[in-house]
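K.L.:
can you look at this prediction? I've put the sequence above it.
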Amino acid sequence: MRLRAVLAGVLLAVYVALAVAVHTGSALVAWDLAILRWAPAARWPQWEPLLSYWVLLGQRLVCLVVIGGWLAVRFIRDRDQRPLLVVAATTLLLNVTVGGAKMAFGRLGPLQLGEDAVLPGAAEVFTDGMVFPSGHAANAVAMWGLVAYLSRRHRRGAALVTALLAVSVGSTTVYLGTHWVSDVLAGWVAGALVLLALPALSSLADRVHRRTWHPVPTDVNVRPCAPPARTWARDAA
């Protein structure tokens, strides 16, 4: 618990630092423009067809369809609604935190700016854009990290796959020109902050599960069963 609090504090500090750097037009913004001028898509155009599909792994709807299908099968087998509740809570948290930050910053992306994107000062904030932080990067971290969290037998492997997906999806948005590098960095941090909230969301799911599926008996002479020693997330297959 204490380690999670420390990590959350560090990540939040990094998030704020990225936001300040973008707002003040620091060297980070110059790096954004330098990468855009370097034009990775023009250097390696053969990768564009594949990466145009690969980036979909960072779209929230795609993530929900894949993860929801997996958990639906588990629900039929285990009759346990808690993983589904955690997915719903994680999605809501992503919408509120990442979506709220996007609207607050209002940053335009390279594709929206067109030819003007390479000009100094193009990557400004507080306009009518929605690219900071990157939703694709945040989704890739949080949603696929959620799969690793809900897995037991292959948790380490799932965590490695999550890291690869997060890095590749975020990098792909830069390649395709939909995001600045700083958007992706902020998206990774935003997704990691959501991941740190998963234990709290799991506890919330436990309480909802007990109230809806295992309500406390009204007979005062009947005592409710004690909860199992191990949490459901660790015991999940």
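P.N.:
Received the coordinates, thanks.

K.L.:
the bottom helix or strand of the chain by mean pLDDT?
P.N.:
helix 232-235 (a mean of 49; mean pLDDT, DSSP states H and E).

K.L.:
please, which helix or strand holds the nearest residue to Trp144 once chain neighbours are set aside?
P.N.:
Leaving aside its chain neighbours, Trp144 sits nearest to Thr162 (4.3 Å; criterion: Cβ to Cβ, 6 or more residues apart in numbering). To be clear about C-beta, it is placed using only N, CA and C from the backbone, and glycine gets the same treatment. Using DSSP states H and E, the element containing Thr162 is helix 155-176.

K.L.:
in that helix, what's buried?
P.N.:
Judged by neighbour count (16 or more other Cβ atoms under 10 Å), helix 155-176 contains these buried residues: 158-159, 162, 165-166, 168-176.

K.L.:
now stretch 29-44
P.N.:
Buried residues in stretch 29-44, defined by neighbour count with 16+ other Cβ under 10 Å: 29, 32-33, 35-36, 40.

K.L.:
which one among the buried residues of helix 155-176 gets closest to Val131?
P.N.:
The closest of the buried residues of helix 155-176 to Val131 turns out to be Thr173 (Cβ to Cβ; 9.0 Å).

K.L.:
that closest one against Val55, yeah?
P.N.:
Yes - counting by Cβ atoms under 8 Å, Thr173 does reach Val55; the two are 6.1 Å apart.

K.L.:
overlap in contacts of these two?
P.N.:
Common neighbours of Thr173 and Val55 (criterion: Cβ atoms under 8 Å, 6 or more residues apart in numbering): His136.

K.L.:
would you map the helices across the protein?
P.N.:
Per DSSP state H, the chain carries helices over the ranges 2-24, 27-38, 40-43, 48-54, 60-78, 82-105, 110-113, 135-150, 155-176, 181-196, 198-212, 232-235.

K.L.:
mean pLDDT lowest for which of the ones you listed?
P.N.:
The minimum mean pLDDT among the helices of the chain belongs to helix 232-235 (a mean of 49).

K.L.:
got CSV for the buried residues of helix 155-176, with distance to Leu64 too?
P.N.:
Shown next, in CSV, are the buried residues of helix 155-176 (distance: Cβ to Cβ, whole Å):
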residue, distance to Leu64
Ala158, 17
Ala159, 20
Thr162, 16
Leu165, 15
Ala166, 17
Ser168, 20
Val169, 15
Gly170, 19
Ser171, 23
Thr172, 20
Thr173, 19
Val174, 24
Tyr175, 24
Leu176, 22
